[in-house]
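In: mind looking at a prediction? Sequence and model below.
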Amino acid sequence: MDRNGPVLLHDDARNCLTSAGIHYPTSLRYWNCIMAKGLIWATTEDLAKTRPVVLSVYRQILRSLNSSDLPLTYAARLAKKAEVRTMFLFGSEERSVHNIADLIDAAKHSLSVLKQGRLP
């Protein structure tokens, strides 16, 4: 699929598909479907789906840093919160579906470690 629309197949490719028993318009729709599901770059729908999860984890991490279980001074807490904000700021620029999923997993793991009273 081209950005300007579907790619037209050359006659040789169309003949190969026809000889394999696949009609051209059907095959084009089939390949477009497969390519749409296999995108590695996040679409606006993907970003909209992950936004509530990311905001929730972000807020929970910031709240967990206020826990009295953590052996941090006030200045150290502020420094850790600044680190978290910076990480999420740089993470917000990510456009790869796989990297976004990895970042969310890492944030959830860090949150679980913080809830245990340890620093990640």
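Out: Thanks, I have the structure now.
In: and the longest helix for this structure?
Out: For the chain, the helix that runs over the most residues, judged by DSSP state H, is helix 44-64.
In: in that one, which residues are buried?
Out: Thr50, Val54, Val57, Tyr58, Gln60, Ile61, Ser64 (16 or more other Cβ atoms under 10 Å). For every residue, glycine as well, the C-beta is placed using N, CA and C.
In: what's the neighbour count on the closest residue to Ser96 other than its chain neighbours?
Out: Spatial nearest neighbour of Ser96, chain neighbours left out: Ile40 (5.9 Å); criterion: Cβ to Cβ, 6 or more residues apart in numbering. Look at Ile40: counted by other Cβ atoms under 10 Å, it has 9 neighbours.
In: measure Ile40 to Val53 for me?
Out: 19 Å (Cβ to Cβ, to the nearest Å).
In: same thing with Asp69?
Out: Applying Cβ to Cβ to Asp69 and Val53 gives a distance of 25 Å.
In: quick check: mean pLDDT across the longest helix of the chain?
Out: Throughout helix 44-64, pLDDT has a mean value of 91.
In: give me the next element, helix or strand, following it.
Out: Elements were assigned by DSSP states H and E; along the chain past helix 44-64, the next helix or strand is helix 74-91.
In: now the angle from the helix or strand just after that following helix to helix 74-91?
Out: Moving toward the C-terminus from helix 74-91, the next helix or strand (DSSP H and E) is helix 97-115. Taking axes from the mean of the first three to the mean of the last three Cα atoms, to 10 degrees, one finds helix 97-115 and helix 74-91 inclined to each other by 160 degrees.
In: break this structure down into its domains, please.
Out: Using automatic domain parsing, the domain ranges for the chain come out as 1-38, 44-115.
In: least reliable of those domains by average pLDDT, please.
Out: domain 1-38 has the lowest average pLDDT among these, namely a mean of 45.
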